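In: Output the structure for:
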Amino acid sequence: MEKRRFALIGTGNRGTTMWGKDLLAGWREHVDLTAIVEKNSLRGERARNMIGSNAPLYENIDSMLAEQRPDLVIVCTPDQTHDDIIVRALESGIDVITEKPMTTSIEKIRRILDAEKRTGRRVDVSFNYRYAPTAARIKELLNAGEIGRVTSVDFHWYLNTKHGADYFRRWHAYTENSGSLFVHKATHHFDLLNWYLDSDPEAVTSFADLQNYGRKGPFRGSRCKLCPHAHECDYYLDLEADPFLDQLYEDPSKIDGYFRDGCVFREDIDIPDTMVVSLRYRNNVHVSYSLNTFQPIEGHHLAFNGTKGRIEIRQYEAQPWEQPKEDTILLIRNFPNGQEAVERIVVPHFTGGHYGGDDRMRNMIFKPEMEDRLGQRAGTRAGAMSVLCGIAALTSSRTGKVVEIADLMPELADDGSPNSLRTPR
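Out: Model prediction:
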C-alpha cells in the first residue's frame with residue numbers, strides 16, 4: 001500500500017501528539033512524515049524528538065513545499081493562520097487536514113472555499129467529536145427515528161477550572177487569534193448539532209460576558225512563573241511540573257516571546273467566558289446551548305426532544321467523584337407500544353483521545369476500506385457552517401440582534417446543497 005507523505009505544520013500540543021507521535025505510532029503503514037514546519041526552531045527540534053522522527057525541519061511553508069512536495073499537509077497552527085496555510089497547500093496541489101476551527105472569519109472562509117473549488121483538492125476538518133462512540137450511537141438513534149421528529153435540543157457544555165482556564169492563558173484569549181471561544185471551542189459543538197440534526201442553522205441570538213477571567217480577576221501579572229500572587233491564585237500553573245509543556249514552551253519562549261503560562265487575569269483579554277446561545281434550524285428545530293469555562297466539573301448535558309420521545313445523556317469527563325468508565329444514553333419513549341418506556345443504552349469508553357474518537361477519525365481518513373455510513377468525515381462546508389455559527393453568536397452578543405446565517409455568507413446559503421438555506425423547505 002502506498003503511503004501518504006505528509007508535512008506537519010505547527011508543533012503545539014495537538015500537532016506533536018495527535019498528528020505527530022500518535023499518528024506515526026498507529027498508522028505508520030499508511031503515512032510517512034516527510035517534513036515539520038515550525039517557525040520557532042527550538043520548539044520544532046524538541047517536538048521532532050518527542051515525535052520520534054528525523055523529518056527535516058522548516059521555518060516556513062514555502063521552503064518546505066519547494067523541497068518536499070508532500071501529498072498532504074496537516075495544519076495545527078493558531079486559528080487565525082489556518083487560511084493562509086490551507087490556501088497555499090491547495091494551490092500547490094496538496095490535500096489538507098486542518099484542526100478545528102477551519103478558520104476565524106467570513107473572508108477567510110471564502111478564501112478556503114474558493115481555493116478548494118479552483119484546485120480540486122480536498123480539505124478535511126478534524127471534527128473528532130463526531131467519531132466518539134457515544135456521539136455515533138446518538139446519531140444512529142436519531143437516524144432511526146427512535147424519538148420521531150426532533151423539535152428542540154438542550155445542549156450545555158462545561159469546562160472545568162483546569163481546561164477552561166487554559167484558554168485564557170494562551171493565544172486563544174484574544175478574538176483576533178481565535179475568533180473567541182464561540183469559534184475556537186464551540187465550533188465543535190455547533191458542528192455536532194449540525195451533524196446530529198442534518199440541517200443548517202438559520203438564525204442565532206446570544207448573550208455572553210467576561211465574568212471570571214481577565215479584568216474581572218482580583219490581581220494580575222505577566223505570567224505565572226514570575227507572579228508575586230502565585231501562592232494565592234487559584235489558577236496558578238507550575239509549568240516546571242509538566243515536563244512536556246515545559247520542554248515545548250519554556251526555553252522556546254526566549255525565541256518568540258510566547259509564554260504558555262500567561263496570566264488568566266490579563267486586562268486586555270477580550271473574549272467572553274460565559275456564553276448562552278439560541279439557534280433556529282432550517283428544519284424548525286430550536287436549540288438552547290451554553291458554554292461555561294470555570295466549573296468544578298468537565299463534560300456536557302445533551303437532550304433531544306422529539307414528537308415520540310427524548311434522548312438524553314449527561315457525560316462526565318472530569319469530576320471530583322468516581323464515575324463509571326462508560327456513558328449511559330437514556331432513550332425515553334412517549335408511546336412505548338410494547339417497548340420499554342425507558343431504555344438505558346450503555347456505551348463503554350475506549351482508549352485513545354475522546355474515548356476512542358481520535359483513533360476512529362484517523363482510521364476514516366487514512367484507511368481506504370472504511371465506510372462512512374454516518375457521514376462523520378467533515379469537509380469545508382461543515383467547517384464553514386460551524387464557524388459561521390460562532391461568528392453569528394459573537395456578533396449577536398455584541399449587538400443584541402438576531403443574526404441570520406444566510407446574511408453572513410449568501411453564497412453558502414445558495415450553494416445548491418440539500419441543506420442550503422435559500423432552497424424551499
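In: contacts, neighbours, all on C-alpha from now
Out: OK.
In: For the stretch 201-350 of the chain, which segments count as helices?
Out: 243-245, 253-256 (DSSP state H, counting those that start in this stretch).
In: Correction: the previous question concerned the stretch 51-200 of the chain.
Out: According to DSSP H, counting those that start in this stretch, the helices that the stretch 51-200 of the chain contains are 61-68, 82-91, 106-119, 133-143, 163-169, 175-178, 181-184, 186-197.
In: Any idea which of the ones you listed gets closest to Ala241?
Out: Ala241 sits nearest to helix 163-169 of all the helices of the stretch 51-200 of the chain, at 15.3 Å, using CA to CA.
In: Who are the packing partners of that closest one?
Out: Judged by 3 or more CA pairs under 8 Å, 6 or more residues apart in numbering; DSSP states H and E, the packing partners of helix 163-169 are strand 286-295.
In: Which single helix of this structure contains the most residues?
Out: Taking DSSP state H as the criterion, the chain has its longest helix at helix 380-399.
In: Now render the helices of the stretch 201-350 of the chain as a markdown table, adding distance to Arg360.
Out: Converted to a markdown table, those look like this (distance: least, CA to CA, whole Å):
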| stretch | distance to Arg360 |
| --- | --- |
| helix 243-245 | 25 |
| helix 253-256 | 34 |
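In: In the sheet, which strands lie alongside the helix or strand that the longest helix of the chain is followed by, parallel or antiparallel?
Out: Later in the chain than helix 380-399, the nearest helix or strand by DSSP states H and E is strand 403-404. Partners of strand 403-404 in the sheet, by DSSP bridges, are strand 201-209 (antiparallel).
In: how far off strand 286-295 does the partner strand point, in degrees?
Out: Orientation of strand 201-209 against strand 286-295 (axes from the mean of the first three to the mean of the last three CA atoms, to 10 degrees) gives an angle of 30 degrees.
In: what's in contact with stretch 323-335?
Out: 134, 138, 147, 308-316, 340-349 (CA atoms under 8 Å, 6 or more residues apart in numbering).
In: 10 Å instead, please
Out: 133-134, 137-138, 141, 146-148, 302-317, 339-350, 355 (CA atoms under 10 Å, 6 or more residues apart in numbering).
In: list the buried ones in that stretch?
Out: By neighbour count on 16 or more other CA atoms under 10 Å, the buried set for stretch 323-335 is 327-333.
In: Out of those, which comes closest to Phe127?
Out: Nearest to Phe127 among the buried residues of stretch 323-335 is Asp327, at 20.0 Å by CA to CA.
In: where's the closest one relative to His300, distance?
Out: Using CA to CA, to the nearest Å, Asp327 is found at 12 Å from His300.
In: Near the closest residue to Ile271 other than its chain neighbours, how many other residues are there?
Out: Leaving aside its chain neighbours, Ile271 sits nearest to Ser180 (5.2 Å; criterion: CA to CA, 6 or more residues apart in numbering). When neighbours are defined as other CA atoms under 10 Å, Ser180 has 23 of them.
In: So what does the residue lying farthest from the centre of the chain have for phi and psi?
Out: For the chain, the residue at maximal distance from the C-alpha centroid (CA atoms, centre = their mean) is Gly338, at 40.9 Å. Backbone torsions of Gly338, given as degrees, to the nearest 10, read phi 90, psi -10.
In: how near is Glu176 to Gly338?
Out: From Glu176 to Gly338 the distance is 56 Å (CA to CA).
In: Gly52 too?
Out: 57 Å.
In: likewise Arg220?
Out: 62 Å.
In: do Ser199 as well
Out: 32 Å.
In: before we move on, back to that, would you turn the helices of the stretch 201-350 of the chain into TSV with mean pLDDT?
Out: Shown next, in TSV, are the helices of the stretch 201-350 of the chain (pLDDT from 0 to 100):
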stretch	mean pLDDT
helix 243-245	97
helix 253-256	97
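In: and Leu57, which of these is closest to it?
Out: helix 253-256 (16.1 Å).
In: Pull the residues that contact stretch 237-256.
Out: 11-13, 16, 39-47, 50, 162, 165-166, 169, 223-225, 230, 257-263.
In: What's the end-to-end length of that stretch?
Out: First-to-last residue span, stretch 237-256, CA to CA: 20 Å.
In: next one: stretch 218-230
Out: Separation of the first and last residues of stretch 218-230 by CA to CA is 12 Å.
In: contacts for it?
Out: Under CA under 10 Å, 6+ apart, the answer for stretch 218-230 is 169, 212, 214, 232-233, 235-240, 259-267.
In: want to throw the helices of the stretch 201-350 of the chain into CSV with mean neighbour count and distance to Thr293?
Out: Converted to CSV, the helices of the stretch 201-350 of the chain look like this (neighbours: other CA atoms under 10 Å; distance: least, CA to CA, whole Å):
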stretch, mean neighbour count, distance to Thr293
helix 243-245, 13, 21
helix 253-256, 13, 26
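In: Of the ones you listed, which is nearest Ile365?
Out: helix 243-245 (27.6 Å).
In: rewinding a little: mind listing the shared neighbours of Asp327 and His300?
Out: 313-316.
In: could these be laid out in CSV, adding neighbour count and pLDDT?
Out: CSV is the format used below for the shared contacts of Asp327 and His300 (neighbours: other CA atoms under 10 Å; pLDDT from 0 to 100):
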residue, neighbour count, pLDDT
Ile313, 19, 98
Arg314, 15, 97
Gln315, 18, 95
Tyr316, 17, 93
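In: Go through those and name the one nearest Phe127.
Out: Taking CA to CA as the measure, Phe127 sits nearest to Gln315 out of these, at 18.3 Å.
In: for that closest one, what are its contacts?
Out: 134, 157, 298-302, 323, 326-329.
In: May I have the beta-bridge partners of it?
Out: His300.
In: buried ones in the longest helix of the chain?
Out: Neighbour-count burial for helix 380-399 [16+ other CA under 10 Å]: 380-397.
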